[in-house]
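>>> What follows is a predicted structure for the sequence shown.
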There are 2 protein chains.
Amino acid sequence: MWNTLPSEIRQACRDGTLDTPTPGLAPGYVQANLVVLPQSYAYDFLLFCQLNPKPCPLLDVTDRGNPEPKRIAPNADIRTDLPRYQVFRKGEWVEETKNISAHWQGDLVAFLIGCSFSFEAAMLNAGLTVRHIEEEKNVPMYKTTIATVPSGIFSGPMVVSMRPLPAHQVLQSVEVTRAYYRAHGAPIHIGDPAAIGIHDLACPDYGDAVTIREGEVPVFWACGVTAQTALLQAKTELAITHAPGHMFVSDLMDKDVLLS
Amino acid sequence: MWNTLPSEIRQACRDGTLDTPTPGLAPGYVQANLVVLPQSYAYDFLLFCQLNPKPCPLLDVTDRGNPEPKRIAPNADIRTDLPRYQVFRKGEWVEETKNISAHWQGDLVAFLIGCSFSFEAAMLNAGLTVRHIEEEKNVPMYKTTIATVPSGIFSGPMVVSMRPLPAHQVLQSVEVTRAYYRAHGAPIHIGDPAAIGIHDLACPDYGDAVTIREGEVPVFWACGVTAQTALLQAKTELAITHAPGHMFVSDLMDKDVLLS
């Protein structure tokens, strides 16, 4: 799979032959979080993303009822082109599924939100430690006491991902990731977890705990799960997201989410 | 006026005692472009700003029918707190006025968009040339052949502002302005005007021509007038903007529009 194109990944999802998490697939291409909502909620959610650009950097928004994210993947279909989805009604989990065609309605709007895979590739290229990749785990994520800026019914805590780094790599991690503005950019906090309301790094709210070695500093980045948390808290009539780690693979390249 | 606070500037507008352009007022505080539209257009315009963040960096959006930009200036009233406005109906100019209360409707939404004054202050502080300020003119602005990303009825050319710089200051001007992400950020073009469809720097589409000295390079930044151009082209039922140079003075400080 290592050298496949985004369109091939998406076709394999559509055919039902790909059903795995997407990290490492189509390297160099941008992967995205998915949020699907009825149009009646779209204005408030769009403004929520606008007001919270660090956790929710928007890459594309589809037209009402049209499943094609035309700006980042012409001819793709977000109903079939991700490996796995989660469906929620009124904030309650309904099912995990490989295809959301049965849930599709003419009033749905899809939001594609940048993810940290882009800057993790840049960190690895710069020789920086990415512990959860070393340990073949999901990145650890935590709810914080940092509030998002509310918009309509959408609000809630900022969720962050954490990567422990040797002290001498911390500043370089800021320099490397800050350029990836539409993939969460620079960290939002360095050091003491308690300062942002995290009391036990060994117990993440999402993902897996990772080893923190002697002399390492926890570094925290805004995380796209913030959008999902705001979504579920809002208890919208219908909400569909990607399943964790099963992202949308776009035609954008990592260089396209750099600050310009 | 040099040391007044934003709230005092806004009060003077509200009282009708301030009726001048706002450059130089409340130094250190962020000034904003204003666009007011009926809510039926708000989603498409919000998405237009989202898709074109360099010319249209959004600082705040008001709630339907509520004239308070609560995130950047609590207790301000955008109907009265700018020195001058322009009113358009179906794309046609109606009037220039000091107060838009008579045009206010319960379905209006106001968008506040960052402006270049923030980075010009930083350029001056860094010892860089800002020719139109030296010559006490308005900045020269030009329509380009760079297309904006359309959203619904909103589309059109990107409008840029131009500042000529001695060759040895060009790179520093990029470094200084790129940090002001919500005030247009780094230039979008350096050098040959024809490359972006500008054929005569002596004839700007908006503002005033400025002197370009031997050995100076024209440097181009995305400009908030892009939003106004898209707005008039869309011929919306009603549209209200600030009058050129008569901006909204917010409580944000220049440091608040830095990339974070």
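On my side now, so go ahead. The shown structure was predicted, so the numbers you read here are calculated from the model rather than taken from an experiment.
>>> Quickly note the distance from the residue lying closest to A:D77 once chain neighbours are set aside to chain B.
Leaving aside its sequence neighbours, A:D77 sits nearest to A:P67 (Cβ to Cβ, 6 or more residues apart in numbering or on different chains; 4.8 Å). In this view, the C-beta of every residue, glycine as well, is placed from N, C-alpha and C. With distances taken as Cβ to the nearest Cβ, to the nearest Å, A:P67 is found 17 Å from chain B.
>>> I'd like to know how many residues surround A:P67.
18 (other Cβ atoms under 10 Å in any protein chain shown).
>>> For it, give me its contacts.
A:77-79, A:104, A:108, A:110 (Cβ atoms under 8 Å, 6 or more residues apart in numbering or on different chains).
>>> Equivalent analysis for A:T226, please.
A:52, A:55-56, A:148, A:156-159.
>>> And for A:K98?
Counted by Cβ under 8 Å, 6+ apart, A:K98 has contacts A:13, A:16, A:19, A:83-85.
>>> filter those residues down to the ones close to chain B.
With Cβ under 8 Å from any Cβ of the partner chain as the criterion, the contacts of A:K98 include none near chain B.
>>> Identify the farthest-apart pair in these.
A:G16 and A:Y85 (13.1 Å; Cβ to Cβ).
>>> Give me the common contacts of those two.
Joint contacts of A:G16 and A:Y85 (Cβ under 8 Å, 6+ apart) are A:98-99.
>>> all helices of the stretch 1-150 of chain A, in order?
A:6-15, A:42-51, A:117-125, A:131-134 (DSSP state H, counting those that start in this stretch).
>>> Out of the contacts of A:T226, the closest to chain B would be?
A:C56 (10.8 Å; Cβ to the nearest Cβ).
>>> thought that closest one was touching A:V225?
No - in this structure A:C56 lies outside contact range of A:V225 using Cβ atoms under 8 Å: 10.2 Å.
>>> More neighbours: the two, which one.
Between A:C56 and A:V225, A:C56 has the larger neighbour count (other Cβ under 10 Å), namely 27 against 24.
>>> Please tell me the pLDDT value assigned to the residue nearest to that one when sequence neighbours are not counted.
For A:C56, ignoring the flanking residues on the chain, the nearest one in space by Cβ to Cβ, 6+ apart is A:C49 at 4.1 Å. A:C49 carries a pLDDT value of 97.
>>> farthest-separated two in the contacts of A:P67?
The most distant members of those, if one measures by Cβ to Cβ, are A:D77 and A:L108, lying 12.4 Å apart.
>>> got the contacts of A:T226 as JSON lines, with pLDDT columns?
Converted to JSON lines, these look like this (pLDDT from 0 to 100):
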{"residue": "A:N52", "pLDDT": "95"}
{"residue": "A:P55", "pLDDT": "96"}
{"residue": "A:C56", "pLDDT": "96"}
{"residue": "A:T148", "pLDDT": "97"}
{"residue": "A:G156", "pLDDT": "96"}
{"residue": "A:P157", "pLDDT": "97"}
{"residue": "A:M158", "pLDDT": "97"}
{"residue": "A:V159", "pLDDT": "96"}
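>>> Any of those residues buried? List them.
Among the contacts of A:T226, the ones that count as buried by 16 or more other Cβ atoms under 10 Å in any protein chain shown are A:52, A:55-56, A:148, A:156-159.
>>> Which elements pack onto the one helix or strand in chain A whose mean pLDDT sits lowest?
One helix or strand of chain A scores below all others by mean pLDDT, DSSP states H and E: helix A:117-125, with a mean of 91. Judged by 3 or more Cβ pairs under 8 Å, 6 or more residues apart in numbering or on different chains; DSSP states H and E, the packing partners of helix A:117-125 are strand A:29-38, helix A:170-178.
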